[in-house]
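**Student:** need coordinates for the following:
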Amino acid sequence: MRFLKWIGVALLLLAGGGWFVAKLAIERGAEQALADARAQGMEAEVASLSVGGFPTRLDLRAADVRLADPVSGAGWQAPSLRLFAATWAPWDLTAELPQQQVVTLPGQTVTLTAEGLRAGLASAPDADLPLRRLDASAASLSAQSDLGWQVGFDDISVALTDDPARGPATYALAFDLAPLRPDPAFLQALAAVSLPDMPPSDLPAEVERIEGDIGLRLTAPLNRYAGHITPLLDAVEIRALDLGWGALALHAEGGISVDADGRAEGRILLELRGWDRLPALLVATGSIKPEVAPTIGNFLRAMAAESPDPEVLTLPLVMEKGRMSLGPFPLGEAPLLRRPVG
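**Tutor:** Numbering: from 1, shown residues only. Below you'll find the model as predicted:
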């Protein structure tokens, strides 16, 4: 029994010693990461760094974090940041973010206020540290811009997981972002839109459903080498994308890939229920002028009348040869998904 006791003590000392070695490595690694960012022209500052959690966790805490790219004008700052992992699985990280953060974008500053905002990064005990899962969730989240707009969410979740069954460097993106509360000023503008032969704008103050199941194929896997061999988007498979907002409901399926010029190429089928609410929505967003809306409304009505269910309008979103169209409507250039090589 005494022999077993001393074995236990020895194992505890070894474990404790390993924890302190890991603590030192994390502190040095965090400092080096900040130094590397500054060497690349970034602004990367923290007021303090500390590692705790002995003996079961490695718990990194940073205070007054500020990251910014002077070239693009993008940045992020927060009063605190906590990253932690169990000592027996340091490749599974969890981040706890503070209640309030500030995101700087070109031309505006957005304040994020959240409850229970967390992110997780799961890798594997592998030298390449491959991404297995990246997720984020919050019980509530609101964004308010100094330009005057604001949006709010309740109980949202986003997850990106590796999907090796569909091929190398392939990932599945799933999200649930509803209920969403659009900007009140936008809702007022939408309610003020009145179009002939179209129903009044009756969309509610909350978007009830925003869900997606999307496959992504990249040019390289997401792992420890991603900073040197930048993975680029190669193809997107929309298995299901659903939006529900009062009488307006959208379902989309399809796929796109990247052509030789870096633009999207493919076809996405859109099924729109409550299509007669669409013209007012396009006017409120500034996508079309009010005087054009009746023409678009009449065209949509004629197309819906030819379908088996006149309440549902089915339109293909087609991207080919660098151009994009929605049914018979030309929409201009197809989205640029990545810059062409050469």
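
**Student:** contacting residues around residue 121?
**Tutor:** Each residue near residue 121 by CB atoms under 8 Å, 6 or more residues apart in numbering is listed here: 92, 93, 94, 95, 131, 133, 134. Any C-beta I mention is one placed from the backbone N, CA and C, and that applies to glycine too.

**Student:** let's go with 6 Å and repeat that
**Tutor:** By CB atoms under 6 Å, 6 or more residues apart in numbering, residue 121 lies in contact with 93, 134.

**Student:** average pLDDT across the host helix or strand of residue 241?
**Tutor:** Residue 241 is part of strand 233-245 when elements are defined by DSSP states H and E. Over the span of strand 233-245, the pLDDT mean works out to 96.

**Student:** which elements pack onto that strand?
**Tutor:** Counting contacts by 3 or more CB pairs under 6 Å, 6 or more residues apart in numbering; DSSP states H and E, strand 233-245 is packed against strand 209-218, strand 248-258.

**Student:** same list, those, but as CSV with mean neighbour count and distance to residue 61 please.
**Tutor:** Output for the helices and strands packed on strand 233-245, formatted as CSV (neighbours: other CB atoms under 10 Å; distance: least, CB to CB, whole Å):
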stretch, mean neighbour count, distance to residue 61
strand 209-218, 17, 32
strand 248-258, 18, 41
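
**Student:** now stretch 52-62: buried residues?
**Tutor:** When neighbours are counted by 16 or more other CB atoms under 10 Å, the buried residues of stretch 52-62 are found to be 53, 57, 58, 59, 60, 61, 62.

**Student:** out of those residues, which sit inside strands?
**Tutor:** With strands taken from DSSP state E, the overlap with these comprises 57, 58, 59, 60, 61, 62.

**Student:** thought the fifth one was touching residue 82?
**Tutor:** Yes: under the criterion of CB atoms under 6 Å, residue 61 lies in contact with residue 82, with a separation of 5.3 Å.

**Student:** surely residue 269 and residue 254 touch.
**Tutor:** Yes: shown here, residue 269 and residue 254 form a contact pair, counting by CB under 6 Å, at 5.4 Å.

**Student:** pLDDT averaged over stretch 149-168 - what is it?
**Tutor:** Throughout stretch 149-168, pLDDT has a mean value of 95.

**Student:** who touches it?
**Tutor:** The list of residues contacting stretch 149-168 from outside it, by CB under 6 Å, 6+ apart, reads 132-144, 170-177, 179-181, 183.

**Student:** so which residues of the stretch 1-150 of the chain form helices?
**Tutor:** In order along the chain, the stretch 1-150 of the chain carries the following helices (DSSP state H, counting those that start in this stretch): 2-39.

**Student:** bridged to residue 103, which residues?
**Tutor:** Legend: beta-bridge partners of residue 103 under DSSP bridges are residue 76, residue 110.

**Student:** could you report the distance from it to residue 144?
**Tutor:** When distance is defined by CB to CB, to the nearest Å, residue 103 is 11 Å away from residue 144.

**Student:** for the stretch 51-200 of the chain, give me the ranges with low pLDDT.
**Tutor:** For the stretch 51-200 of the chain, no stretch is flagged by pLDDT under 70.

**Student:** can you pull out the strands in it?
**Tutor:** Listed in chain order, the strands of the stretch 51-200 of the chain (DSSP state E, counting those that start in this stretch) span residues 57-68, 75-86, 92-96, 100-105, 108-115, 118-122, 133-145, 150-162, 170-176, 180-181.

**Student:** dump those to TSV, plus distance to residue 291.
**Tutor:** As requested, the strands of the stretch 51-200 of the chain are exported to TSV (distance: least, CB to CB, whole Å):
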stretch	distance to residue 291
strand 57-68	44
strand 75-86	41
strand 92-96	50
strand 100-105	33
strand 108-115	30
strand 118-122	46
strand 133-145	30
strand 150-162	29
strand 170-176	37
strand 180-181	30
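
**Student:** which one of those lies closest to residue 320?
**Tutor:** The stretch from those with the least distance to residue 320 (CB to CB) is strand 170-176; that distance is 23.6 Å.

**Student:** tilt between the closest one and strand 133-145?
**Tutor:** Taking axes from the mean of the first three to the mean of the last three CA atoms, to 10 degrees, one finds that strand 170-176 is oriented at 40 degrees with respect to strand 133-145.
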